[in-house]
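Chemist: What follows is a predicted protein model with its sequence.
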Amino acid sequence: MSKSGKISKSNTTGNIEADKEAERFEIFKDNLKKINEHNEKFKIGEFTYSLGINHFADKKPEELHKRLGGLKRKRP
């Protein structure tokens, strides 16, 4: 905020970016928790595959579906 009490455009933009980054980090932490829980079950044989972190780890399930859900292989 400036001395006049007004919020500058650059300050607002910085806050928005910081908020987005904080939100992405929270999503990442939630996904990491799910990955770790799944991998513990994998270790005791409840699943036949393990999970890991990739470039989608900070995405919500609905974001992944929107981005990847429409991809279907055409069969000849």
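Modeler: Noted; the coordinates are in hand. Predicted model, so just to flag it, every value in this text is computed and none were measured.
Chemist: so what pLDDT did His55 get?
Modeler: In this prediction, His55 carries a pLDDT score of 95.
Chemist: Could you list the low-confidence segments of the chain?
Modeler: Applying pLDDT under 70 to the chain picks out residues 1-13, 70-76.
Chemist: Which parts of this structure are helices?
Modeler: Secondary structure of the chain (DSSP state H): helices at 9-43, 61-68.
Chemist: tell me the angle of the last one relative to helix 9-43?
Modeler: For the pair helix 61-68 and helix 9-43, the angle between their directions (axes from the mean of the first three to the mean of the last three CA atoms, to 10 degrees) equals 90 degrees.
Chemist: quick one: contacts for the residue nearest to the spatial centre of the chain?
Modeler: Nearest to the mean C-alpha position of the chain, by CA atoms, centre = their mean, lies Asp58 at 1.7 Å. Neighbour list for Asp58: Arg24, Phe25, Ile27, Phe28, Asn31 [criterion: CB atoms under 8 Å, 6 or more residues apart in numbering]. To be clear about C-beta, it is placed using only N, CA and C from the backbone, and glycine gets the same treatment.
Chemist: again with Tyr49
Modeler: Listed by CB under 8 Å, 6+ apart, the contact set of Tyr49 reads Phe42.
Chemist: What distance do you get for it to Phe25?
Modeler: The spacing between Tyr49 and Phe25, counted by CB to CB, to the nearest Å, is 26 Å.
Chemist: Looking at the contacts of Asp58, spot the one nearest Glu37.
Modeler: Minimum distance to Glu37 across those is 10.7 Å, recorded for Asn31 (CB to CB).
Chemist: what's the closest non-adjacent residue to the closest one?
Modeler: Ala57 (5.2 Å; CB to CB, 6 or more residues apart in numbering).
Chemist: now Arg67
Modeler: Lys59 (7.6 Å).
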